[in-house]
Structures are given as C-alpha cells and as structure tokens.
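Asks: please work out how this folds:
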Amino acid sequence: MQVTYLSSAAIVVESDNASVLCDPWLVDGAFEGSWCHYPPLDVDPEDFDDVDYIYISHIHPDHFDPATLRRMDDDIPVVIHDYRWDYLYDEISALGFDVIELGHNTRMHLAGDLHVNVLAADACDPELCGNYFGCSWVEGKPELGSTQVDSLAVIDDGDHTVVNMNDCPYPMVERSMRQVKERYGDIDLVCHQYSAAQFYPQCMEDYTHAEKMEAKQEVILEKHELATEFIELFEPDYYMPFAGEYVLAGRLTPLNQYTANPPRVEALEWFRSHVDTDAHQCVFLNSGEHLDLAADRVSKPYEPIDQEAKREYVESELADRSFTYERDPMPSVEALREDVRPAFENFEDQRRTVGYETDTSVLVSLSATEYVELSFRGDGYDFVTEPDLSTYDGYVKVDVDPRLLARLLEGPEAVHWADAKIGSHLGISKQPDIYERQLYNCLGSFHA
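Replies: Have a look, this model is predicted:
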C-alpha cells in the first residue's frame with residue numbers, strides 16, 4: 001500500500017489493484033475564492049479519473065470542492081459518512097455522482113483488497129458534539145444521530161492500515177479514535193491536522209501587528225500540541241501532518257503573514273523535536289510524492305519550499321485575483337435593510353431553538369458607516385450609524401463587503417457565513433476578547 005500526497009488534505013491511497021482519492025481540492029479558489037495552493041499544483045482533476053472511489057470527509061470546500069469534482073468522471077462512486085442531514089449527499093449527487101453513505105464504524109469493501117471504514121468525529125454521540133460545538137443535540141432528539149460535520153476514514157488492505165483524520169478536532173474525536181485502535185490494533189500511518197484553518201488571528205481588525213503575530217504563534221503551538229495526541233493514542237509507525245495548507249489570494253494577500261499556517265519545514269522540525277523519532281517517523285511529502293508502507297520508504301525526500309519564491313508568487317500571481325462577489329453590482333443600503341428582516345427572523349428562530357443568550361451584541365456592516373445591531377436577548381435588531389462601541393457591554397463587530405453581505409443574506413446556497421469567516425473575508429473586532437462559539441453558530445443562521 002502507498003499513500004501519495006497531493007495538496008492540503010488531498011491524498012491517494014492505493015494498493016496493487018485498487019485506489020481511493022480522499023478530499024480532492026485541486027483547483028484554486030476555495031472559500032469564495034480566497035484559498036489557493038502553493039506551490040501551484042502540476043496535476044489536474046482529470047488525472048485521477050482512474051481511481052476506484054472518492055472519499056469526502058465533510059462539506060468544507062477545501063475537502064468537498066465542486067470545482068474539482070465537476071472536472072472528474074462522475075462514474076466514480078463517492079463515499080461519505082451517513083450524516084444526520086443530507087446536505088453533503090445532496091451537493092455531491094447534484095454533480096452527478098453516485099453517493100454511498102456509510103454508518104459510523106462500518107467497514108466496506110471498495111475494490112481489490114482495499115476497504116474503508118468511516119467514523120463520525122463525535123462517535124455518533126450528539127452530546128459529545130454539543131459539548132464542543134453547541135450543536136442541535138439540545139433539541140432533545142439524540143435518536144436523530146450525529147450532528148457533527150466531520151468524519152475520519154480508516155483505509156486498509158488487510159496488511160496495512162491508514163487512518164485519515166482530516167479536520168477532526170481533538171479531544172472531541174478521542175472516542176472514535178479509541179474505537180479505531182481497538183478494532184485495528186497496529187496503525188501504519190495516521191494523517192492529521194497540525195495547523196489552523198480559521199479566521200483568527202488574521203481577521204482581527206482591532207489587533208496590532210505585534211498582537212496578531214503573537215496570537216499566530218500561540219495558535220500554531222496549540223495545534224501542534226493537540227496533534228501529538230493523535231500520535232500518542234494511535235502509536236503509528238508513520239504520521240503525516242497535513243490539511244489546512246493554503247495561501248490567501250486577492251485583496252486578502254496581506255493577511256498571509258498572520259495565518260496560523262506555518263512553513264511545513266518549521267512544523268517538521270517541531271514534531272521531530274517533540275515526538276519520539278525512534279518509535280514514530282514524521283513524514284512530509286512534496287506534491288506527487290508517496291510513502292510506500294510495504295517498502296518502508298518515501299519516493300523522494302521532502303524539499304522545503306523557498307519562502308522568497310512563495311512571496312514573489314503571491315505578489316505577482318495571487319494578489320491580482322478577484323473574488324466572484326466583487327464582480328456583483330454594489331447593493332444599496334436600502335436593499336440590504338430589506339433583507340435584514342427575514343434574515344433576523346431565521347437567526348432569532350435558531351437562537352431560541354438552542355436557548356442561547358448573551359449580553360454581547362453583534363454589529364454587521366451595511367456600509368462604511370451603517371450597521372445592523374443584533375440582540376441575543378430577544379430584543380430584536382436596530383440600524384445604527386457610526387456606533388459608539390464604548391456604550392456596549394460586549395460586542396462583536398463584523399465588517400464585510402456589501403456585495404458579499406448580499407449573498408450571505410440570501411442564504412447558504414449562495415454563501416455560508418462559516419465559509420466567509422474561514423475564508424478570511426470578514427473583519428472582526430470584539431470586546432471582551434473571547435470567542436463565544438454559540439454566538440457565531442447563531443450568526444450562521446442570519447440569512448433569508
């Protein structure tokens with residue numbers, strides 16, 4: 001069995017007679033155009049039309065990328081977790097693919113000697129998911145199953161076992177990890193997240209340069225330390241830190257210096273100095289290179305990226321790119337105001353459903369000077385001009401391009417708030433400087 005690294009979380013796992021392509025994001029422009037690859041990929045989606053199966057872990061566009069799948073043979077079956085909601089199933093089916101939904105911890109034969117087992121990140125325990133994400137298990141219907149949006153996959157050929165953790169967060173995923181360890185025993189390779197695919201700290205508009213740089217290092221260290229938990233529990237022969245590797249494009253390129261997405265060579269040095277190298281070997285691969293588990297060797301040693309060449313590429317190639325919404329006509333403030341009423345009704349329904357209250361107000365920009373103020377206490381909404389932030393007990397101020405806001409208010413089929421946030425399209429200021437997770441979950445329902 002061998003594992004070929006392509007980009008971010010995209011890998012190919014293959015044996016002598018079968019193959020599966022995992023989370024193929026192979027086209028620039030994920031998250032509303034802001035996420036791109038570096039180095040630029042020298043492979044095309046069509047190059048993988050000969051794989052037997054595709055596995056997609058979850059709906060985030062650096063894992064489920066419609067632009068990539070549209071260029072692939074839709075006769076290839078796609079395997080996903082059997083989520084509570086059919087959003088991922090429906091999106092993939094709409095592209096013409098046959099979708100196979102696997103229940104939690106169900107091992108399925110793919111082709112040849114390859115098998116796959118897909119497990120929910122929360123072990124199909126809605127209370128676990130609720131503890132970490134405030135998901136809708138609070139509806140009081142645990143029988144409806146997993147509410148988490150991520151999964152992990154175990155791929156084996158009878159002799160070797162690869163665990164693909166994707167973006168599964170520790171410690172929420174620990175129970176699923178233990179189920180894998182108990183079922184499979186020895187793990188040859190675990191692929192796991194090690195950096196942050198999030199808006200923090202690069203989108204914090206009220207942070208100074210020094211504060212952003214300090215926060216960046218804190219997040220990187222946190223993610224690295226959490227990653228060691230995967231290694232300690234699975235005790236693999238090899239581990240491959242991956243996923244969340246991207247470069248911001250367009251007008252967002254100045255934010256690249258602040259993303260918690262370190263040069264891979266720095267991460268390699270950190271893991272080699274913090275993990276027992278005799279027991280577990282850290283593997284970083286350049287795009288297109290592979291690890292052969294049967295032969296215990298890599299096709300080519302990892303060559304670190306030239307950071308100066310990367311900066312030149314960003315400045316010369318990526319900085320001039322535009323986002324789709326930037327080609328939309330600029331909406332009037334009056335038109336955005338009209339969209340606020342139905343959007344707030346949906347937001348308020350979600351807030352009441354999950355029973356969330358906070359003294360923090362959310363201010364979303366409609367223009368350079370006007371904002372809509374959202375209450376989390378059932379007090380409705382109001383339009384304010386040049387709000388005096390010192391008068392609020394707590395606030396989260398969200399500055400957004402009005403053209404993107406028009407799409408956000410339209411609904412998730414146009415643009416999802418989570419994608420805009422992860423894509424670094426939102427400018428955030430907040431006091432107190434804490435992350436109220438459920439607040440952002442509710443804000444995700446602020447659409448018509």
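
Asks: give the contact list for N117.
Replies: The contact partners of N117, taken as C-beta atoms under 8 Å, 6 or more residues apart in numbering, are 102, 105-108, 153-156, 180, 183. In this view, the C-beta of every residue, glycine as well, is placed from N, C-alpha and C.

Asks: and M108, helix, strand or coil?
Replies: Using DSSP: H, G, I helix; E, B strand; the rest coil, the structure places M108 in strand.

Asks: helix or strand for the spatially most central residue of the chain, which one?
Replies: The centroid of the chain falls nearest to H60 when counting by C-alpha atoms, centre = their mean (5.2 Å). Using DSSP states H and E, H60 is not contained in any helix or strand.

Asks: give me phi/psi at it?
Replies: When read as degrees, to the nearest 10, the backbone of H60 gives phi -60, psi 140.

Asks: what does the model give it for pLDDT?
Replies: pLDDT, H60: 94.

Asks: and what of G427?
Replies: G427 carries a pLDDT value of 98.

Asks: and if you look at C124?
Replies: As predicted, C124 sits at a pLDDT of 70.

Asks: again, but for P171
Replies: P171 carries a pLDDT value of 87.

Asks: part of a helix, is it?
Replies: No: looking at P171 with three-state DSSP, it is coil, so not inside a helix.

Asks: burial count for it?
Replies: For P171, the count of nearby residues is 12 (other C-beta atoms under 10 Å).

Asks: and E232, by the same measure?
Replies: By the criterion of other C-beta under 10 Å, E232 has 11 neighbours.

Asks: name the nearest residue to L318, sequence neighbours excluded.
Replies: A249 (4.0 Å; C-beta to C-beta, 6 or more residues apart in numbering).

Asks: what do you get for H447?
Replies: That would be G411: by C-beta to C-beta, 6+ apart, it lies 4.4 Å from H447.

Asks: low-confidence stretches in the stretch 101-250 of the chain?
Replies: By pLDDT under 70, the weakly predicted segments of the stretch 101-250 of the chain are 125-148.

Asks: could you rerun that using 90?
Replies: Along the stretch 101-250 of the chain, segments meeting pLDDT under 90 span 122-149, 169, 171-172, 244.

Asks: ok, back up a step: number of nearby residues for the residue nearest to H447?
Replies: The burial count assigned to G411 is 15, neighbours taken as other C-beta under 10 Å.

Asks: do you know how far the residue lying farthest from the centre of the chain is from S361?
Replies: Distance from the centre of the chain peaks at T391, with 35.2 Å (C-alpha atoms, centre = their mean). Distance check for T391 against S361: by C-beta to C-beta, to the nearest Å, it reads 10 Å.

Asks: residue contacts, P412?
Replies: Residues in contact with P412 (C-beta under 8 Å, 6+ apart) are H447.

Asks: do the one 4 residues further on as well
Replies: Residues near H416 by C-beta under 8 Å, 6+ apart: 408, 444.

Asks: which of the three states applies to the closest residue to S57 other than its chain neighbours?
Replies: In space, not counting the residues next to it along the chain, S57 is nearest to N166; the distance is 4.0 Å by C-beta to C-beta, 6+ apart. For N166, the assignment made with three-state DSSP gives coil.

Asks: could you point out the helix or strand that follows the longest helix belonging to the chain?
Replies: Taking DSSP state H as the criterion, the chain has its longest helix at helix 209-234. Remark: after helix 209-234, the chain's next helix or strand is strand 238-242, criterion DSSP H and E.

Asks: who touches that following strand?
Replies: Strand 238-242 is contacted by residues 3, 5, 8-9, 11, 188-195, 227, 230-231, 264, 267-268, 271, 275, 280-285, 291, 293 when judged by C-beta under 8 Å, 6+ apart.

Asks: from A294, how far out is L318?
Replies: With C-beta to C-beta as the criterion, L318 and A294 are 39 Å apart.

Asks: equivalent analysis for I231, please.
Replies: Applying C-beta to C-beta, the value for I231 to A294 is 22 Å.

Asks: same question, N117
Replies: Using C-beta to C-beta, one gets 21 Å for the distance from N117 to A294.

Asks: now do Y87
Replies: Applying C-beta to C-beta to Y87 and A294 gives a distance of 38 Å.

Asks: same thing with L363?
Replies: Relative to A294, L363 is positioned 57 Å away (C-beta to C-beta).

Asks: comparing the two, which residue is more hemmed in?
Replies: For L363 versus A294, neighbours defined as other C-beta under 10 Å are more numerous around L363 (20 against 13).

Asks: is it true that that one lies in a strand?
Replies: Yes: judged by three-state DSSP, L363 forms part of a strand.

Asks: do a quick rundown of the helices in the stretch 251-400 of the chain.
Replies: With DSSP state H, counting those that start in this stretch, the ranges of helices along the stretch 251-400 of the chain come out as 264-274, 307-313, 333-354.

Asks: make a markdown table out of those and add distance to A123 and mean pLDDT.
Replies: Below are the helices of the stretch 251-400 of the chain laid out as a markdown table (distance: least, C-beta to C-beta, whole Å; pLDDT from 0 to 100):
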| stretch | distance to A123 | mean pLDDT |
| --- | --- | --- |
| helix 264-274 | 26 | 96 |
| helix 307-313 | 39 | 97 |
| helix 333-354 | 21 | 95 |
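
Asks: want to try JSON lines for the ones you listed, with mean neighbour count as columns?
Replies: Converted to JSON lines, the helices of the stretch 251-400 of the chain look like this (neighbours: other C-beta atoms under 10 Å):
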{"stretch": "helix 264-274", "mean neighbour count": "16"}
{"stretch": "helix 307-313", "mean neighbour count": "12"}
{"stretch": "helix 333-354", "mean neighbour count": "16"}
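
Asks: so which helix or strand takes in the residue lying closest to V180 once chain neighbours are set aside?
Replies: Spatial nearest neighbour of V180, chain neighbours left out: V154 (5.6 Å); criterion: C-beta to C-beta, 6+ apart. If you go by DSSP H and E, V154 is part of strand 151-156.

Asks: partners of that strand, with directions?
Replies: Here strand 151-156 has these sheet partners by DSSP bridges: strand 114-120 (antiparallel), strand 161-164 (antiparallel).

Asks: just the ones you listed: most buried one?
Replies: strand 161-164 (a mean of 26; mean count of other C-beta atoms under 10 Å).

Asks: show me what secondary structure element comes after that one.
Replies: Moving toward the C-terminus from strand 161-164, the next helix or strand (DSSP H and E) is helix 174-184.

Asks: what comes up buried for that next one?
Replies: Under the neighbour-count criterion of 16 or more other C-beta atoms under 10 Å, helix 174-184 has 174-177, 179-180, 184 buried.
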